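In: everything below, folded, please.
(chains A and B)
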Amino acid sequence: MIKVVLTANLHKYYPEREFQIDASSILELLYEMDKNRPNFSSYILEDNLAIRKHVNIFLNGNLIEKSNVKTALNAGDTVHIMQALSGG
Amino acid sequence: MKAFIASRKGLLIYKPQASGWRLEKAFFDGVKVSYVNYDSYAKNVWVGMAHGHWGPKIHVSKNKGKTFEEVSTPKFSGDADGKNSVRDIWAIAADKLGRVYVGTDPAELFYSDDLGKTWTLCEGLHKIHGKDKWFGGGADGTCLHSILIHPENPDHILIGISVAGVLESKDRGRTWAYRNKGMSAEFLPDPESEIGQDPHLIERALSNPDVIWQQNHCGIFKSEDQAQNWKDLSKSKGLATAFGWAIVVDEKDEKIAYTVPALSDETRVPWKKKLIVQKTINGGKTWTVLSSGLPQKNCYDIVYRHAFSGSGSHLLFGTTTGNIFFSKNKGKKWQQIKDSLPPIYSVKLID
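Out: Okay, the predicted model is just below:
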């Protein structure tokens, strides 16, 4: 199982903020989340599956590149989905 | 009657009462709500928005604004070049058969036959020739801001795109042709170019569906043959200025139209720093400037293309500086009904 932690601002659009989910990649994890809350992956991904400009995903504390949404996950990993702050 | 106000910080719904206009509901706090429109066939209110972090979204209300539900978002599929991703929602319209169309930034048209559960890209428009001549207008990219479906013939659709022009489909969106004959684009080497015109908004006269009015970047135009030919009205007597974004056509009289102009594309401030409405009652031959009740000095209110709405003798517009003005007598007198709101992108009066 993968531990997922959402930023507080995303909790408005998803029923849980911290939860466990079974997935073998970040993309699969987001699609699993769509089953609990339709359209949720569109909050995170552009149409071409890049991570949105103002969204950051961390795997075990390390920032994932925008184009690497297919990064593999292993049991026990922790994924944080956060807002990206852009100065100001 | 209710006024739906799409603003930089959410959707506001006002209702007139004896004591003035009261805020009935506010939705989507903090979210840029780009567009609101009403499907008079199914009685649904549609809103498009673009979250700062989470991208574009569409919501629909099936009870005139008591509640909203999110539907899916149109998106490009199988496009791996990284260029095509829907950034914002610029127009939503429905036909009498229940099909809903969405115009986006970048300028594309999607449709749904299941009230937004799924969306299909209009491939004919996506692949139309001449796209290399389109460029940004209204935003950094292209935007499809106007969708006019013929009230009796849903196969016939006109759309407006900045900066590409007006396009027509006679087969419910399968194939498209440019319809820019008579327009002029002073920002192009060839002002009469078939492609690259900049309609800011096109509006159909419901009393005569053949008549289409247009506020263009380069003036005010009108067609009496469903966009096959356009006539430039920009030199008509009485016009203070022909530049602007918004245009409203009277529901019962094709010859009556209103614009809320700005001085010019260079400055984009109100004409002489005065907020004015321009009205014609004779099809655009002559115009009258209306200003009673509107600020007439040191004014910076600009009215975006979707931020002007009419219903019967009622007119209402919202401005970039967060003011709402209302007229109950076809523009003769105006009343400022709200101020200190966020910048306003789109309004809709719904009876």
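
In: when you work out contacts or count neighbours from here on, use the C-alpha atoms and nothing else.
Out: OK.

In: how about the nearest residue to the residue in chain A positioned nearest to chain B, chain neighbours excluded?
Out: Relative to chain B, the nearest point of chain A is A:Y43 (4.3 Å; Cα to the nearest Cα). Leaving aside its sequence neighbours, A:Y43 sits nearest to B:W54 (Cα to Cα, 6 or more residues apart in numbering or on different chains; 4.3 Å).

In: B:F317: which element?
Out: In this structure, B:F317 sits in strand B:314-318 according to DSSP states H and E.

In: now the element after that strand, going C-ward?
Out: Counting by DSSP H and E, what follows strand B:314-318 is strand B:324-327.

In: buried ones in the following helix or strand past that next one, by neighbour count?
Out: As assigned by DSSP H and E, the chain's next helix or strand after strand B:324-327 is strand B:335-338. In terms of neighbour count (16 or more other Cα atoms under 10 Å in any protein chain shown), strand B:335-338 has its buried residues at B:336-338.

In: before we move on, what about stretch B:220-236?
Out: B:220-224, B:226-228, B:230-234, B:236.

In: what comes into contact with that stretch?
Out: B:158, B:166, B:168, B:179-183, B:209-215, B:219, B:241-243, B:284-287 (Cα atoms under 8 Å, 6 or more residues apart in numbering or on different chains).

In: the residue of the stretch 151-300 of chain B found nearest chain A sits in which helix or strand?
Out: Using Cα to the nearest Cα, the closest approach of the stretch 151-300 of chain B to chain A is made by B:I161 at 21.4 Å. Per DSSP H and E: B:I161 is located in strand B:157-162.

In: ok, the closest residue to A:H54 other than its chain neighbours - contacts?
Out: Excluding the flanking residues, the one nearest A:H54 by Cα to Cα, 6+ apart is A:A84, at 4.6 Å. A:A84 is in contact with A:53-56, B:53, counting by Cα under 8 Å, 6+ apart.

In: repeat for A:M82
Out: Counted by Cα under 8 Å, 6+ apart, A:M82 has contacts A:6-7, A:10, A:55-57.

In: distance between the lengthiest helix in chain A and the chain's centre?
Out: Counting by DSSP state H, the longest helix found in chain A is helix A:26-36. Relative to the centre of its chain, helix A:26-36 is centred 8 Å away, using Cα atoms, centre = their mean, to the nearest Å.

In: just checking, which helix or strand succeeds that helix along the chain?
Out: helix A:41-44.

In: and the next helix or strand past that next one?
Out: strand A:55-59.

In: pull out the buried residues from that next one.
Out: Buried, per 16+ other Cα under 10 Å, within strand A:55-59: A:55-57, A:59.

In: what of stretch A:18-30?
Out: A:23-30.

In: how much space between the residue nearest to A:H54 and A:E16?
Out: Separation of A:A84 from A:E16 (Cα to Cα, to the nearest Å): 20 Å.

In: now B:W46
Out: Taking Cα to Cα, one finds B:W46 at 28 Å from A:E16.

In: who has more neighbours out of those two?
Out: B:W46 (25 against 13; other Cα atoms under 10 Å in any protein chain shown).

In: if we ignore the residues flanking it in sequence, what's nearest the more buried one?
Out: B:V60 (4.6 Å).

In: listing partners with orientation, what would you give for the helix or strand harbouring the one you found?
Out: Applying DSSP H and E as the criterion places B:V60 in strand B:55-61. Paired neighbours of strand B:55-61 in the sheet (DSSP bridges): strand B:44-51 (antiparallel), strand B:69-71 (antiparallel).

In: mind listing what's buried in it?
Out: So strand B:55-61, judged by 16+ other Cα under 10 Å, has buried residues B:55-61.

In: got TSV for the residues you listed, with pLDDT too?
Out: Formatted as TSV, these follow (pLDDT from 0 to 100):
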residue	pLDDT
B:G55	96
B:P56	97
B:K57	98
B:I58	98
B:H59	98
B:V60	98
B:S61	98
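
In: nearest to chain A, of those?
Out: B:G55 (6.1 Å).

In: which residues touch the closest residue to the closest one other than its chain neighbours?
Out: Setting aside the residues directly before and after it, B:G55 is nearest to A:Y43 in space (Cα to Cα, 6+ apart), at 6.1 Å. If you count contacts by Cα under 8 Å, 6+ apart, A:Y43 has them with B:53-55.

In: tell me how far A:R17 lies from A:M82.
Out: Distance from A:R17 to A:M82, by Cα to Cα: 11 Å.

In: residues shared between the contacts of these two?
Out: Joint contacts of A:R17 and A:M82 (Cα under 8 Å, 6+ apart) are A:6-7, A:10.

In: reformat those as TSV; add distance to B:F110, pLDDT and secondary structure.
Out: Below are the shared contacts of A:R17 and A:M82 laid out as TSV (distance: Cα to Cα, whole Å; pLDDT from 0 to 100; DSSP: H, G, I helix; E, B strand; the rest coil):
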residue	distance to B:F110	pLDDT	secondary structure
A:L6	31	97	strand
A:T7	31	95	coil
A:L10	27	94	helix
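
In: and chain B, which of these contact it?
Out: Within the set of those, contact with chain B (Cα under 8 Å from any Cα of the partner chain) is found for no member.

In: B:E194: which of those residues is nearest?
Out: Taking Cα to Cα as the measure, A:L10 is the one of the shared contacts of A:R17 and A:M82 closest to B:E194, at 45.6 Å.

In: number of residues surrounding that closest one?
Out: Neighbour tally, A:L10, other Cα under 10 Å: 20.

In: that one: what's it in contact with?
Out: Here A:L10 is in contact with A:17, A:82 (criterion: Cα under 8 Å, 6+ apart).

In: taking the stretch 201-350 of chain B, what residue is nearest to chain A?
Out: B:P342 (19.8 Å).

In: so what's that residue closest to, chain neighbours aside?
Out: B:G322 (4.9 Å).

In: from B:S77, how far off is the one you found?
Out: Distance from B:G322 to B:S77, by Cα to Cα: 37 Å.

In: equivalent analysis for A:N48, please.
Out: Taken as Cα to Cα, the span from A:N48 to B:S77 is 7 Å.

In: what's the first helix or strand after the worst-scoring helix or strand of chain A on mean pLDDT?
Out: Lowest on mean pLDDT, DSSP states H and E among the helices and strands of chain A sits helix A:8-11, with a mean of 92. Per DSSP H and E, the first helix or strand lying C-terminal to helix A:8-11 is strand A:18-21.

In: what is the burial count for the residue in chain B positioned nearest to chain A?
Out: For chain B and chain A, the shortest gap (Cα to the nearest Cα) falls at B:W54, measuring 4.3 Å. Using other Cα under 10 Å, B:W54 is surrounded by 21 other residues.

In: go on, A:A8?
Out: Neighbour number of A:A8 under other Cα under 10 Å is 12.

In: A:E16 is in contact with that one, correct?
Out: No. Contact criterion Cα atoms under 8 Å: A:A8 and A:E16 do not qualify, at 10.0 Å.
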